[in-house]
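Asks: Mind folding the following:
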Amino acid sequence: MHRVLCADAGGVRMKSRIGICSIWLVTSLGAVGSPCAQAADTDDGLALQEIIVTAQKRAEDVQVVPISMSVLTGDELQQDGDVRIEDFAGLVPNLMVDSSNSLRSTAVSIRGILSDPNNVDIEPAVGVYVDGIYMDRPTTINSALFDLERVEILRGPQGTIFGKNTIGGAIDFVSKKPTQQEELEVTADYGNYDDRRLQVIANTPLITDVLAARVAFQYERRNGFLENLAGPDNNDANNINGRISVAYTPSDALNVILRVDGSRDRTHDEASVILVPSPLFAGPPFNSPQNVTNDPFDRIIRDSPSPFENRDVLGASLEADWNVASGTLTSLTAWRGFRWANYQSDDMTVFDIFGTGIDENQHQWSQELRYASDPNLPVTFVAGAYADQQGEDARAFAHEGVDVFAPFGAPLGSNPAPGEGYIQIHTHDRSYAAFAQADWHIDPNWIFTTGYRYTQQEKGITQYLVGDPTGNFVPTVAPQSYTRTDIDPSYNASLKYLFTEHSMAYLTFSHGFKAGGFNAFSFGLVQSDGQVAEFAPEHVNNFELGTKSTFADGRIRLDADVFYMNYRDLQVNSLIQNASGIIDFVTSNAARARSEGVELELQARVSAELEASLSYGYTDAIFTSYPGATPTGGDFTGHTLALSPRNSIGATLDYTHPLSSSWNLIGRSQAWYRSSRFSDPDNSPALEAPAYTVVNARVGAAKADGSLRVELWARNLLNRDYVNDRSFGSSAFSPGSISESIGDPRTYGIEFSYHWLHR
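Replies: Model prediction:
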């Protein structure tokens, strides 16, 4: 779990986390902290690690931030072998990540509020940031993790400070900065499935105390987890990632950092298998359904011979901090872009009768200017302005048959000759905002915080359709363009009480919104009733009561909170068949929804050799009113939100034992649990994914000075079969089928790490 916590900022030392069930629990935990004020000042070398975060756009002890949040350090991520966001998600309460459908379709859910990336004009519900830069499209959020300082996961709406589209929460990846020390780190990893990973990090001063550079590179290659007898194995890895950072500090008053990063992925399809085959493929010549056996976990399939996923990402940012007028003025300028292309077989047979793909080309520019006052004043504040602009060209295409497969087209109702139809889309998005947040130190114990953000977001779309030869799957529609503007505020208020220097409780209210948009992949933006296929913004009111405490000489930390989130016009994604039998991907506004629950995080230094952590999350997220959820009048009122497990548990053990004066035995283990969850808002029993538990472990030896480490590792040590989500096949291409996205099998290997630091 999170072995980071506590920090020292302005004389305040604390850190902890754990969910809370009542006001009694908050006050009693605060009282528990009372005898610790003196004890925590006695340093016996066993106090838990401290950490500074920037969750409120200023450096401060995470334990004084009145937000339910989890933090993981970069060292933890590397030592646990975490490669992507889903590798650590199980340790964070009420966080659910499913990226196994494809690199593009990473679904992130916090407290049951889902961020679904399929519609290119829908905003993510969970904002993802890299070094403070907002990722406008979620296509890149599961890029490889490397050379990070920490990851901050904030639960609940964060629109006042973080800005647009953080209605469910925010995840901020913070990379390591260049330093004035010479440093070299090389990590090599080899595992089953011919898994090869190499990471190289180098840091060097260029001009003493003025200029420094840091370069990080990572390469990964792995065979697919699904053996495809008809083509390339699915769910493999083939990526290259790099980052260059240059820090310029001409004086104590100015610090400038230039960052440039890029990544390249070339993989094959996804991790979906057939759970229930379509009756359409029961007889000749389709007597070999996708799965070779009736066991979807045999990981042997017969699927398309030509799937692929290509992703290229490039980004650059310039961050400047000036110490002026008893505060800090920060400018953050960024440009980012990506190119994505894929192809997959929708009939899920070896014949490639019908396939679809998406080709996206996106770019974004953003500028933030903010001022943070002196943190030692009675009233402190952060204020600024933000502008964001992005554009995207996308083509969703459907391809019918290849010449050799033409004889199989007619029986399926597809073309007897090859054909292609596609939806061509161009979107643009401009967002402007001004924000401010202030802390009023009423007295040494009471602190009141309030903030406000004004946002104006303009969206436009141009779409046209080029139909397939018969028009059976993609009709022909002339170009059409539409625009919309959403103007909404985000605001928050919290009251914090310090029981002691090491224990506090807080009560927070926050209001957030997420902009509306267009159903970009609809077969025509004008619907049969003459209405434009668009959806309205969604809004949330969040109430949170929490506590953070450090006690037992700084060896135990406990964070806890209870929350209640009330959503209006929640945006929900679904596949709907229209009157012509065409399957349309539609985003619509549910009437109302609510999410309520608990988050608990406990960390303890059990002894000089053993550290343990435990987290628990409980979420009850339902539609409180959702009539007319389907074209046939379905009512989803009372249904559980998709990908919203009610219970989430994470636990870690970290053990170090001296073998000699220079070598230590090291061991680390993780376990996480997610209860059952529905994959669709209809709560179809056939699409309910069962509960699962995953155990990871590492054991090895390390030099006491940290210069050399050798470890054996295993992920999913017990080789548990588990399901991420399930879905029905389309009625046009694989009627009656059910597919499921399955979790990774057991993987294992050996890792070598060398770290040199000039002292």
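Asks: Nearest the middle, which residue of the protein would you pick?
Replies: residue 108 (5.0 Å; C-alpha atoms, centre = their mean).
Asks: and that residue, helix, strand or coil?
Replies: Following DSSP: H, G, I helix; E, B strand; the rest coil, we place residue 108 in the strand state.
Asks: Would you map the helices across this protein?
Replies: Secondary structure of the chain by DSSP state H: the helices cover 23-33, 36-39, 74-79, 85-89.
Asks: Let me see the mean pLDDT of the third one.
Replies: In this case it means helix 74-79. For helix 74-79, mean pLDDT is 86.
Asks: Which elements pack onto it?
Replies: Using 3 or more C-beta pairs under 8 Å, 6 or more residues apart in numbering; DSSP states H and E, the elements in contact with helix 74-79 are strand 148-155. Every C-beta, even on glycine, is put in place using the N, C-alpha and C of the backbone.
Asks: Show me how far the strand it packs on is from its chain's centre.
Replies: Centroid separation for strand 148-155 versus its chain: 11 Å, with C-alpha atoms, centre = their mean, to the nearest Å.
Asks: residues in contact with the residue nearest to the centre of the chain?
Replies: For residue 108, the contacting residues are 85, 95-97, 114-115, 124-126, 128, 138, 141, 171, by C-beta atoms under 8 Å, 6 or more residues apart in numbering.
Asks: Can you list the buried residues in stretch 146-164?
Replies: Buried residues in stretch 146-164, defined by neighbour count with 16 or more other C-beta atoms under 10 Å: 146-148, 150-164.
Asks: beta partners for the nearest residue to residue 81 once chain neighbours are set aside?
Replies: Distances taken as C-beta to C-beta, 6 or more residues apart in numbering place residue 713 nearest to residue 81, at 5.5 Å, with adjacent residues excluded. Bridge pairing for residue 713 (DSSP bridges) gives the partners residue 698, residue 749.
Asks: mind listing what residue 713 touches?
Replies: Applying C-beta under 8 Å, 6+ apart to residue 713 gives the contacts 81, 191, 696-698, 748-751.
Asks: Select only the buried ones of these in PyMOL?
Replies: In PyMOL, this line selects whichever of the contacts of residue 713 come out buried by 16+ other C-beta under 10 Å:
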select buried, resi 81+191+696+697+698+748+749+751
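Asks: Please identify which two of the contacts of residue 713 are farthest apart in space.
Replies: 696 and 750 (15.0 Å; C-beta to C-beta).
Asks: Could you double-check that residue 519 sits in contact with residue 526?
Replies: No: applying C-beta atoms under 8 Å, one finds residue 519 not in contact with residue 526, separated by 10.9 Å.
Asks: Between those two, which has more neighbouring residues?
Replies: Taking neighbours as other C-beta atoms under 10 Å, residue 519 and residue 526 compare with residue 519 leading, 24 against 13.
Asks: Look at the closest residue to the more buried one other than its chain neighbours and say how many residues are nearby.
Replies: Nearest in space to residue 519, with sequence neighbours left out and distances taken as C-beta to C-beta, 6+ apart, is residue 533 at 3.9 Å. The number of residues packed near residue 533 is 21, by other C-beta under 10 Å.
Asks: Any chance of the backbone angles for residue 533?
Replies: phi -80, psi 80 (degrees, to the nearest 10).
Asks: For it, give me its contacts.
Replies: 518-519, 522, 524-527, 586.
Asks: Between these, which sits nearest residue 183?
Replies: residue 518 (48.1 Å).
Asks: Who is the closest one paired with across the strands?
Replies: residue 534.
Asks: got a pLDDT number for it?
Replies: Predicted confidence (pLDDT) at residue 518: the value is 89.
Asks: Residue 747 versus that one, what's the distance?
Replies: Using C-beta to C-beta, to the nearest Å, residue 518 is found at 41 Å from residue 747.
Asks: And residue 565, by the same measure?
Replies: Taking C-beta to C-beta, one finds residue 565 at 36 Å from residue 747.
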